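S.K.: coords please:
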Amino acid sequence: MHLAKSEYASWYLEPHKDRSPSFFDHDTEQRTSTLAKKDALQEIIDTKMRAFEETFTAEASRLDKLRDGYAREDPGALATLIEISNKRHPMRYLYHYLPQNTFRAFADPNAKVALIELQFPDFAGHQFQSGVTAGGKPKYASEAQKKKIVRQCLYSVVIRAGYLASKVLDPTSFKTIAINVSQDWFDPATGAPRKGIICSLQGQVYEFSALHLDQVDPEACFRHFKGIAVPSLDSISPIRPIFVLNKIDDRFIATKDLDSLLAPEANLAAMPWDDFEQLVAQLFEWEFAKEGVEVKVTRASRDRGVDAVLFDPDPLRGGKFVLQAKRYTNPVDVAAVRDLYGTVVNEGANRGILITTSSYGPDSYAFAKDKPISLVDGPNLLVMLRRHGKNFRLDLEEARRLNQESSCEG
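M.R.: Now for the predicted structure:
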């Protein structure tokens, strides 16, 4: 059928029985769907933009506070910047081996010391590829070569940490950087998991800052700073860190004079648990009053790992000691002794002391053997108190009865 031009226009514009009635309807539905998708996409974009702006504002505020804190030499700001410096300069060859999120920094404004704690992996079961054979097979380092590689790696990690920290601290009044390196390993004699300090180093900020790392021999540099490390990484005996006194702790609170508030023959097993913690801290103040030892009590809380911290400045015997007080009427479970050991490690302390009104079982003493843990039971606690003229008593049966009566009343 041939239509004239005018007839073709008329046929197209006017309803016609041969044309599908849904042609324009389908176009309208598609357009509506497209607009809906556009609106949905715009909403997603707007949501993302709002989230970005909120994050940006929060981060900008955080950086402003960090900048202000750095100018004031705030300990928290200095520690944060040292940790940021470590993250911004990853160790390319060791990134997959070094435990993540185990680099921690602290700043002591009184001593003007920055303390860095980091963890070094156990390479006992690892092989180092040193090349390939003529046949294209991998060739691995010998045991002697492996020991040298691991020790060089350890020294490099320590020196790098000190160097990066020095760049943060150089413009400040902080003078010293201390670094303690811990490791998790399995005791070859028992197969039991162990953890301890394997390396410690301390140096002046200007000494670290002046290093030319591309020319430094790690082992010679470590000796230059008089660092100390375990003699062997195959059979480890943890060392004592050079610097452990970190008194920047918001847990510390003022001590109470519990002695003056208690009756002369008060039953220690029946006193409030938080008062018992205060009394134990006061006891250690009496014990070491003439030796310059400082005892700090932490905020009362049943689930904290530390009830008090003892700082001993003696260069030979001193260090940081964590105290836990358990006002129990039943024997202390070995789990509490294990928890104390974990706390000693996490706090970087030299020793943990657990004091209770009750007793310990054989498993507790077995676990504490050869570990930096001291267990003081009820009878020995009374002996310590009596050395200072305190005639308190322990009556576990009376304490249990009072606890039951209190529970019934509640």
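S.K.: where along the stretch 151-300 of the chain do the helices fall?
M.R.: Secondary structure of the stretch 151-300 of the chain by DSSP state H, counting those that start in this stretch: the helices cover 205-209, 218-224, 258-261, 273-287.
S.K.: which of these has the lowest average pLDDT?
M.R.: When the helices of the stretch 151-300 of the chain are ranked by mean pLDDT, helix 258-261 comes last with a mean of 57.
S.K.: now residue 281: how far from residue 274?
M.R.: 11 Å (C-beta to C-beta, to the nearest Å). In this view, the C-beta of every residue, glycine as well, is placed from N, C-alpha and C.
S.K.: give me the more crowded residue out of these two.
M.R.: Between residue 281 and residue 274, counting by other C-beta atoms under 10 Å, residue 281 is the more crowded of the two (23 against 17).
S.K.: what sits against the closest residue to residue 218 other than its chain neighbours?
M.R.: Closest residue to residue 218 apart from its sequence neighbours, by C-beta to C-beta, 6 or more residues apart in numbering: residue 155 at 3.7 Å. Applying C-beta atoms under 8 Å, 6 or more residues apart in numbering to residue 155 gives the contacts 218, 219, 221, 222, 227, 229.
S.K.: skipping adjacent residues, who's closest to the fifth one in space?
M.R.: Going back to what we said before, that points to residue 227. In space, residue 227 is closest to residue 201, 3.5 Å off (C-beta to C-beta, 6+ apart).
S.K.: one more: the second one?
M.R.: Leaving aside its chain neighbours, residue 219 sits nearest to residue 155 (5.5 Å; criterion: C-beta to C-beta, 6+ apart).
S.K.: burial measure for residue 131, as a count.
M.R.: As a burial measure, residue 131 scores 8 neighbours (other C-beta under 10 Å).
S.K.: helices or strands up against the helix or strand hosting it?
M.R.: If you go by DSSP states H and E, residue 131 is part of strand 129-132. Judged by 3 or more C-beta pairs under 8 Å, 6 or more residues apart in numbering; DSSP states H and E, strand 129-132 is in contact with strand 138-140.
S.K.: follow-up on the earlier one: so what's the residue nearest to residue 219 scoring on pLDDT?
M.R.: Residue 155 is assigned a pLDDT of 93 by the prediction.
S.K.: how about residue 290?
M.R.: So residue 290 comes in at 57 (pLDDT).
S.K.: what of residue 393?
M.R.: 89.
S.K.: that one against residue 382, yeah?
M.R.: Yes: because the distance of 7.4 Å satisfies C-beta atoms under 8 Å, residue 393 is recorded as touching residue 382.
S.K.: just to revisit the earlier point, name the strands paired with the strand holding residue 131 and say parallel or antiparallel.
M.R.: Sheet partners assigned to strand 129-132 using DSSP bridges are listed as strand 138-140 (antiparallel).
S.K.: which residues are contacting the partner strand?
M.R.: Outside strand 138-140, the residues that reach it (C-beta under 8 Å, 6+ apart) are 127, 128, 129, 130, 131, 132, 133.
S.K.: with pLDDT added, can I get those in CSV?
M.R.: Listed next are those as CSV, based on pLDDT from 0 to 100:
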residue, pLDDT
127, 81
128, 78
129, 80
130, 79
131, 82
132, 84
133, 82
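S.K.: longest helix in the chain, by residue count?
M.R.: helix 23-71 (DSSP state H).
S.K.: tell me which helix or strand comes right after that helix.
M.R.: Next element after helix 23-71 (DSSP H and E): helix 75-88.
S.K.: what mean pLDDT does that following helix have?
M.R.: Per-residue scores along helix 75-88 average to 88.
S.K.: how about stretch 319-335?
M.R.: Mean predicted lDDT for stretch 319-335 stands at 88.
S.K.: returning to what we had before: return the most buried member of the helices of the stretch 151-300 of the chain.
M.R.: Among the helices of the stretch 151-300 of the chain, helix 273-287 has the highest mean neighbour count (mean count of other C-beta atoms under 10 Å), at a mean of 21.
S.K.: which strands and helices sit next to that one?
M.R.: Counting contacts by 3+ C-beta pairs under 8 Å, 6+ apart, helix 273-287 is packed against helix 258-261, strand 294-298, strand 308-312, strand 319-326, helix 378-386.
S.K.: thinking again about what came up before, farthest pair within the contacts of residue 155?
M.R.: The most widely separated members of the contacts of residue 155 are 221 and 229, with 12.9 Å between them, by C-beta to C-beta.
S.K.: in TSV, list the contacts of residue 155 along with distance to residue 74.
M.R.: TSV is the format used below for the contacts of residue 155 (distance: C-beta to C-beta, whole Å):
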residue	distance to residue 74
218	33
219	36
221	31
222	31
227	29
229	32
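S.K.: from the residues you listed, pick the one nearest residue 285.
M.R.: residue 227 (34.6 Å).
S.K.: returning to that earlier point: so which of the helices and strands packed on helix 273-287 is nearest residue 269?
M.R.: That would be helix 378-386 among those, by C-beta to C-beta, at 7.5 Å.
S.K.: export that closest one to CSV, keeping only CA atoms.
M.R.: Below are the C-alpha coordinates for helix 378-386, written out as CSV (Å, rounded to 0.1, in the frame of the first residue of the first chain):
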residue,chain,number,x,y,z
GLY,A,378,45.8,-16.4,104.0
PRO,A,379,48.2,-17.5,106.7
ASN,A,380,51.2,-15.8,105.0
LEU,A,381,49.1,-12.6,104.6
LEU,A,382,48.5,-12.6,108.3
VAL,A,383,52.2,-13.0,109.0
MET,A,384,53.0,-10.0,106.7
LEU,A,385,50.4,-7.9,108.5
ARG,A,386,51.6,-8.9,111.9
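S.K.: that helix packs against which elements?
M.R.: Using 3+ C-beta pairs under 8 Å, 6+ apart, the elements in contact with helix 378-386 are helix 273-287, strand 351-356.
S.K.: next, the angle helix 273-287 makes with it.
M.R.: 50 degrees (axes from the mean of the first three to the mean of the last three C-alpha atoms, to 10 degrees).
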